[in-house]
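**Q** structure, please.
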Amino acid sequence: MRTLIVDDERSIREGLAKTLRRMGHEADVCNDGASALDCFRQGDYDLVFLDLKMPGLDGMEVLARMRELDPEVIVVIITGYPSIDNVLKAFRLGAYDYLPKPFSPQEVRITTARAEERRRLRFENEQLRRQLQARTDRYVIGSSPRMREVNALIEKVAATDTSVLITGESGTGKEVVARMIYELSPRKDREFVAVDCSALAGPLLESELFGHVKGAFTGAHAPKRGLLELANGGTFFLDEVGNLGPETQAKLLRVLQEREIKPVGGVTARKVDVRIIAATNADLEQEVKEGRFRGDLYYRLAVFPIHLPPLRERMEDLPELVRHFVAKHAPRVHKRFREVSPGFLSVLAGYNFPGNIRELENIVQRAVLLEESEVLRPSSLPAYLLKNQPNHRKRFPTLEELERDHVALVLRACDGQKTRAAEVLGIDRKTLYRKIKQYGLGA
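**A** Got it, this is the predicted structure:
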């Protein structure tokens, strides 16, 4: 870990450098803000110890400029005047921690261990984000048995031209599945055209799908090509196909059977080569029984059915979905989160998500916007999720919990090396073993 020390007091600079070098750090020193910025621009530093009160450029200005140059750098403020206002201002500018003067080598080691842990978590989160992105490129998010089955079906059908019917409640991700089938298909270099059948009424929808000739109806001043023709050679996605009227159903059946379309008002059919993927939240089998949907069209569409379960039936996928949406939305608002708290996930796990994945994404996006720390906490969730939580009032950790977390952090930072961890904690090995046993941190 490469570290930069900035302080106008020689004894502070040399003492810090000595401690850090003993920890295996490469430590450089500067005695003022201007030289520190020059050094920072030329070097690649993971950690900076920065004095607030210096002649010339003060620590606040140096901190702001360093964060502009490298938003990932971890900065620890060192000051002999640790006022709450100054500390809060430094934190708002992006400082990670602070050390009040005078400080001991032990305090430096503990603070540095926390910084190393944060750097490690950042690296792991970035790796996870890349893995999730790679996974998203080929699979629908979810590792539960039901979603593994869905992903297997997608892979099987993608390479074919078979018609697919995707069923599931609103918000379960039916269009995501349709696009995944398209992306994995031989037609991926041609058009993907999507139409929401619930958004357009009969004649207007027919004109959009099949096109029309000049004079076909009032206002048809010029001929128009339909979306099915524009998608020729590609994939056509019909969302909420259960909303099609009887006439439109008959015309769509012709597309599936004869591979041709006839524009509204036209007499000449045109050949089209499109792969049809349809989706619905309705029970089309029941619609067929009740005479509202053509049976022959249903069986043409449902050659290869894929059903998406609601989120409440695959809650084991919740943590993975949350991490995916955090990785998707945080960069858009220039934020980074080192973790999602267990409490955040616990509140979500107690909700049944009537809006399914779409609702979950909206909730996470809102939390990303509201959360001011680097940990997504329950306080950033909507009130309607929190009001039914029995313990949603603010709770402060006990001293015992704080000590347990700190011991666990140092052990991780020292890769489980007990002698090293005891030295960082400033206790002997016997005491460390007692605390490990007391807090259930392993052998």
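
**Q** secondary structure class for the residue sitting furthest away from the middle of the chain?
**A** Most distant residue from the mean C-alpha position of the chain: Val267, 50.8 Å away (C-alpha atoms, centre = their mean). At Val267, secondary structure determined by DSSP: H, G, I helix; E, B strand; the rest coil is coil.

**Q** contacting residues around Pro186?
**A** If you count contacts by C-beta atoms under 8 Å, 6 or more residues apart in numbering, Pro186 has them with Ala159. From N, CA and C alone the C-beta is placed, and that goes for glycine too.

**Q** sec struct for it, please.
**A** Pro186 ends up coil, using three-state DSSP.

**Q** what segments of the stretch 101-250 of the chain are helices?
**A** 105-138, 145-158, 174-183, 202-210, 227-230, 246-258 (DSSP state H, counting those that start in this stretch).

**Q** among the ones you listed, which comes closest to Leu318?
**A** helix 145-158 (11.8 Å; C-beta to C-beta).

**Q** buried set for the closest one?
**A** Residues of helix 145-158 classed as buried: Met147, Val150, Asn151, Leu153, Ile154, Val157, Ala158 (neighbour count, 16 or more other C-beta atoms under 10 Å).

**Q** stretch 419-435 too?
**A** Going by neighbour count (16+ other C-beta under 10 Å), the buried part of stretch 419-435 is Arg420, Ala421, Ala422, Glu423, Val424, Leu425, Leu432, Lys435.

**Q** out of those, who's nearest Val76?
**A** Closest approach to Val76 among the buried residues of stretch 419-435 (C-beta to C-beta): Val424, at 15.6 Å.

**Q** for the closest one, which non-adjacent residue is closest in space?
**A** Leaving aside its chain neighbours, Val424 sits nearest to Arg109 (4.7 Å; criterion: C-beta to C-beta, 6 or more residues apart in numbering).

**Q** let me see the domain layout of the protein.
**A** Per the record, the chain has its domains at 2-122, 152-309, 312-386, 399-438, by automatic domain parsing.

**Q** where along the stretch 1-150 of the chain do the strands fall?
**A** Under the criterion DSSP state E, counting those that start in this stretch, strands of the stretch 1-150 of the chain are mapped to 2-6, 26-30, 47-51, 74-79, 97-100.

**Q** packed most tightly, which of those would that be?
**A** Of all the strands of the stretch 1-150 of the chain, strand 47-51 carries the top mean neighbour count, a mean of 26, counting by mean count of other C-beta atoms under 10 Å.

**Q** keeping just the C-alphas, turn that one into PDB.
**A** Only the C-alpha atoms of strand 47-51 are listed here, as PDB (Å, rounded to 0.1, in the frame of the first residue of the first chain):
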ATOM      1  CA  LEU A  47      -3.700   6.300   1.400                       C
ATOM      2  CA  VAL A  48      -3.000   9.800   2.500                       C
ATOM      3  CA  PHE A  49      -2.500  11.100   6.000                       C
ATOM      4  CA  LEU A  50      -3.200  14.900   5.700                       C
ATOM      5  CA  ASP A  51      -2.800  17.600   8.300                       C
END
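
**Q** elements contacting that strand?
**A** If you count contacts as 3 or more C-beta pairs under 8 Å, 6 or more residues apart in numbering; DSSP states H and E, strand 47-51 packs onto strand 2-6, helix 59-69, strand 74-79, helix 105-138.
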